[in-house]
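[1] Here is a sequence together with a model predicted from it:
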Amino acid sequence: MEAKFVKFPQNSVYLQNKFTETMKTTILSLFCLMAMSLSAADYEVSSPNGKVKVTVTSAESVTWSVTYDGKTVLLPSEINIQLQQGNKTLGLGKIGKVAKKQINSSFENPFYRKSLVSDDYGQLLLYSNQKMTIEVRAYDDGAAYRLISGHTKPTVVKNEVAEYCFAADYQAFVPYVNDNRSGERYCYSFESYYDEQPLSAMFADSLAITPLAVCLSDGMKAIVMDAGVENYPGMFLRGERPEVRGKRNALIADFAPYPLEQAIGGYDRLNLIPTRRADYIAQLNGRQALPWRAVVITEKDADILNCDMAQRLAPACRIADTSWIHPGKVAWDWWNNTNITGVDFASGMNTNTYLYYIDFAAKNHLEYIIIDEGWSGKESLMTGLNPDIDLQRLIAYGQKKGVGIILWSSWRNLIGNDPMGGNAVSEKVMQHYANMGIKGFKVDFFDRDDQQVIASAYQLAECAVRHQLLLDYHGLKPFGIQRAYPNIVNFEGVKGLENSKWEPRVGDGPLHDQPRYDVTAPYLRMLAGPMDYTPGAMTNAMKDHFFGNNNHPMSQGTRVHQMAMYITFEAPLQMLADSPTKYMQNQECTNFIAQIPTTFDETIALDGQLGAYTLIARRKGDVWYLAGMTDWTPRNLTVDLSFLGLGQHDADIFVDGTNASKDATDYRHIRQTVSSSDRLAIHMGSGGGWVAIIR
């Protein structure tokens, strides 16, 4: 290196001093950089196709960063944990031993949207000197890490730091927590519309749930989520303010503290509301793997519709014999307010009404009916039962007709108001009703995902397995338990059709754009797992005709838009939300819906755009089920049928009617012959849809 000498003019003392200070600063900076490079270490792992690369850097702190095909997805983002063991404070520690390998595997799941799931990834294991391990996975469509505690003594987790730092102020789809139960910050139903805003505009005082999408450049998406949650709280997100930690365009995890005291409250006293929380988020009693912190990365939005990240990162199935688990469709009473006509009895919460529902289910080959809130006492599932409902008679009649019965329950009643009380109450309740012949419970108003509730969800699942009962969890979003316990056949945590009952009008239309949500949730909420949207409205309306009506509800968008949900939305237990009368008045549509399975052998994402439209194909056996949905924008799309087998195939198709923009119930039913060489031109009207069964 050639030396350069600078000569100052005479009497330029100020310039000489300034130069000396600058050189000192430069030398000090170079020294710090050299010291950092000597002490810092980078550990890398790549996905099987080489596009996703994760770098874990161990320096003053541990960070992870992610690139996709050389493009930055995540800037260095901190990984950390604060543990307390007695009087000793522990952290993540320093990285020591490192191991890396490529995993090529797969697993079967007959209760999913495909029967075989590939699980191929690059794995990096980093072992610290504080008995902590960081497991990192690089998939072709994303990356994830989790912390694994090797501590054998009881330990509390004071806090966990999980960051997602982005390179720019990207637009995001943010599902805010917006309806706390009794004002408690972490009590929420996990039902959110999406605010579409830049990261910098996120509300500083608000939490968001996951999955949350960040729109990168060139049409790429990065979707932040957690997965494989067990004996630990779920993850909320908040936007990081630069003045707090110097981070810009960052999301940081937030976790519900551990509940110490709680009281009955919330909506109609159906919740258990924490009234005092600890200064820690979890209690660990030994070695434990913490949940995954993941980012899904896609070049095309349609690929999100067929992403298996939540399944791959979930605990494996824990039920040895699953032959008794029967997914299916269910006639539901609550949304339609038991409105049936043409009968000689008063409809409502009574035996005659549910005999009628059973007859309807049997005629249309539906596997179940649900008896929702009102069959039991307000404070118990064993006492104060509705005298107008003869459960024994209904169960016997259902068995004769081949229709099972599922009962509604609040979470607190099923556990006897005590999340830490073990299974005493739930064991007694489940054994009693299983012996009677009940097939399962729709468990409602969890509305929390702190460590207690997550542990309770697992306990209830195990108890239900012992009595061969299905479960449908409401007030929760899926978090991995659905693979471990596939008797959990659905989850709510979605802004489903029920919201149309109380949707207000603002100006010339409804307050919320439901059709846009309908083509957003499959990319985001459904990424976490199945969702009990409860579709099937037979009264359908355009914006100018729609209004909320609790007793006689309707949907936004067309009839075929509703029909398409039965193929688009993942739901092993899928509701028919409208009344038997409405379905019988529209038997042609009902016949089509009744044929659609609720689990599939194969899924192909044909096309789509987040918040705009979906187009998907699913196969069960040798039959294909295709569906498209759009927002209020009419669309013309092309369906490439090259996935079909050789020969001619019969296609049964429903399309939006010519006058659906005036009367949303208008549709056309078409039958035609197709082959794998065909490319079908389809049209979806405003708020519309398109469906086909191809044999």
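    Sure thing, it's come through.
[2] and D179, backbone torsions?
    Phi and psi for D179, reported as degrees, to the nearest 10, are phi -150, psi 70.
[3] now do the one 4 residues further on
    Phi and psi for G183, reported as degrees, to the nearest 10, are phi 80, psi 0.
[4] And it, how far from T275?
    G183 sits at a distance of 11 Å from T275 (criterion: C-beta to C-beta, to the nearest Å). Every C-beta, even on glycine, is put in place using the N, C-alpha and C of the backbone.
[5] G647 too?
    G647 is 66 Å from T275, by C-beta to C-beta.
[6] Between those two, which is the more surrounded one?
    Using other C-beta atoms under 10 Å, the more surrounded residue of G647 and T275 is T275, with 13 against 7.
[7] and that one, what is it in contact with?
    Shown in contact with T275 (C-beta atoms under 8 Å, 6 or more residues apart in numbering): E261, Q262, A263.
[8] which among those end up buried?
    Buried members of the contacts of T275, counted by 16 or more other C-beta atoms under 10 Å: Q262.
[9] looking at it, I252 is touching E160, isn't it?
    No. Look at I252 against E160 with C-beta atoms under 8 Å: they stay out of range, at 10.5 Å.
[10] more crowded one of those two?
    Neighbours around I252 and E160, counted as other C-beta under 10 Å, are more numerous at E160. The numbers are 23 against 20.
[11] S500 in helix, strand or coil?
    Following DSSP: H, G, I helix; E, B strand; the rest coil, we place S500 in the helix state.
[12] so what's it up against?
    Q514, A537, F546, G548, P553, M554, S555, Q556.
[13] again, but for E230
    When contacts are counted by C-beta under 8 Å, 6+ apart, E230 touches A289, P291, P315, I454, Y458, G480, I481, A484.
[14] do T351 as well
    With C-beta under 8 Å, 6+ apart, T351 has these contacts: D388, I389, D390, R393, L394.
[15] how about a markdown table for those, with distance to K428 added?
    What follows is the contacts of T351, written out as a markdown table (distance: C-beta to C-beta, whole Å):
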| residue | distance to K428 |
| --- | --- |
| D388 | 24 |
| I389 | 20 |
| D390 | 22 |
| R393 | 23 |
| L394 | 21 |
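[16] What about those residues, which one has the most neighbours?
    Within those, L394 tops the neighbour count with 23 neighbours, counted by other C-beta under 10 Å.
[17] Surely that residue is in a helix?
    Yes. Membership of L394 in a helix is supported by three-state DSSP.
[18] There's contact between it and Y357 in this structure, I believe.
    No. Taking contacts as C-beta under 8 Å, L394 lies outside contact range of Y357: 9.1 Å.
[19] so what's the residue nearest the centre of the chain scoring on pLDDT?
    Compute the mean C-alpha point of the chain, and by C-alpha atoms, centre = their mean the closest residue is A528, 3.1 Å away. Note on A528: pLDDT of 98.
[20] Ok, N423 next?
    82.
[21] Against G416, how distant is it?
    N423 is 10 Å from G416, by C-beta to C-beta.
[22] Ramachandran angles for M309?
    Dihedral angles of M309 (phi, psi; degrees, to the nearest 10) stand at phi -60, psi -40.
[23] who's in contact with D195?
    By C-beta under 8 Å, 6+ apart, the contact set of D195 is F173, V174, P175, Y176.
[24] For the residue nearest to the third one when sequence neighbours are not counted, give me the pLDDT.
    In other words, P175. Leaving aside its sequence neighbours, P175 sits nearest to S192 (C-beta to C-beta, 6 or more residues apart in numbering; 3.5 Å). Listed pLDDT for S192 reads 98.
[25] S192 reaches V177, doesn't it?
    Yes. Using C-beta under 8 Å, S192 makes contact with V177 at a distance of 7.0 Å.
[26] Which of these two has more residues huddled nearby?
    For S192 versus V177, the count of surrounding residues by other C-beta under 10 Å is larger for S192: 24 against 21.
[27] separation between the more buried one and M526?
    14 Å.
[28] How about I371?
    Distance of I371 to M526, computed by C-beta to C-beta: 27 Å.
[29] What of T351?
    Separation of T351 from M526 (C-beta to C-beta): 37 Å.
[30] what's the closest of the contacts of D195 to F111?
    Nearest to F111 among the contacts of D195: P175, at 25.6 Å, using C-beta to C-beta.
[31] and the closest one, what does it touch?
    Taking C-beta under 8 Å, 6+ apart as the contact definition, P175 lies against S192, Y193, Y194, D195, A208, I209, T210, L212, L524, R525.
[32] By neighbours, which of those wins?
    If you count neighbours using other C-beta under 10 Å, the busiest of these is R525, which has 28 neighbours.
[33] Check the gap between it and F491 for me.
    Per C-beta to C-beta, R525 is found 10 Å from F491.
[34] residues shared between the contacts of the two?
    Common neighbours of R525 and F491, using C-beta under 8 Å, 6+ apart, are K477, M531.
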